[in-house]
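Asker: Predicted model and sequence below, questions to follow.
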Amino acid sequence: MRAPRRGEIWTANTGPTPQAVLVLSSTVYNEIVDEPTVLVALVVEHATGEGFCVDLGGGLWAVMGLVTFVAKAGLVACLRSVDTQALTSANTMLFKILATPER
């Protein structure tokens, strides 16, 4: 298996059924042999632009509020890459989530 690249949608064996995920960690990080995981966001088919979801095109949405890690060994197949605007929107959403000030 090749190293996953930032902005790619992969299927991952994370439970009883494979799940689509958007790779968020940098390609350089993902290529480190000794690092067994990558950072991802859950990808779903039925969502809206409300909340923490980002449109990836083709009816797929990244749920940016559900960022986690998966084992590189659990990644099965690269489905496709998202376009630059979708990746920028995902980055912007993460920034909004993480930069929200405390009360």
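Answerer: Received it, and whenever you're ready, just let me know what you need. Residues are numbered from 1 along each chain as shown.
Asker: Just give the closest residue to residue 59, not the sequence neighbours.
Answerer: Nearest residue to residue 59, sequence neighbours excluded (Cβ to Cβ, 6 or more residues apart in numbering): residue 45, at 5.7 Å. No exception for glycine: its C-beta is placed from N, CA and C like everyone else's.
Asker: can you map out the helices along the protein?
Answerer: Using DSSP state H, the helices found in the chain span residues 27-30, 84-99.
Asker: I'd like those helices laid out as TSV, including mean pLDDT and distance to residue 75.
Answerer: Listed next are the helices of the chain as TSV, based on pLDDT from 0 to 100; distance: least, Cβ to Cβ, whole Å:
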stretch	mean pLDDT	distance to residue 75
helix 27-30	93	10
helix 84-99	93	18
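Asker: Format these as TSV; extra columns: mean neighbour count.
Answerer: What follows is those, written out as TSV (neighbours: other Cβ atoms under 10 Å):
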stretch	mean neighbour count
helix 27-30	14
helix 84-99	14
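Asker: got those helices as JSON lines, with distance to residue 67 columns?
Answerer: As requested, those are exported to JSON lines (distance: least, Cβ to Cβ, whole Å):
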{"stretch": "helix 27-30", "distance to residue 67": "14"}
{"stretch": "helix 84-99", "distance to residue 67": "7"}
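Asker: Great, nothing more from me.
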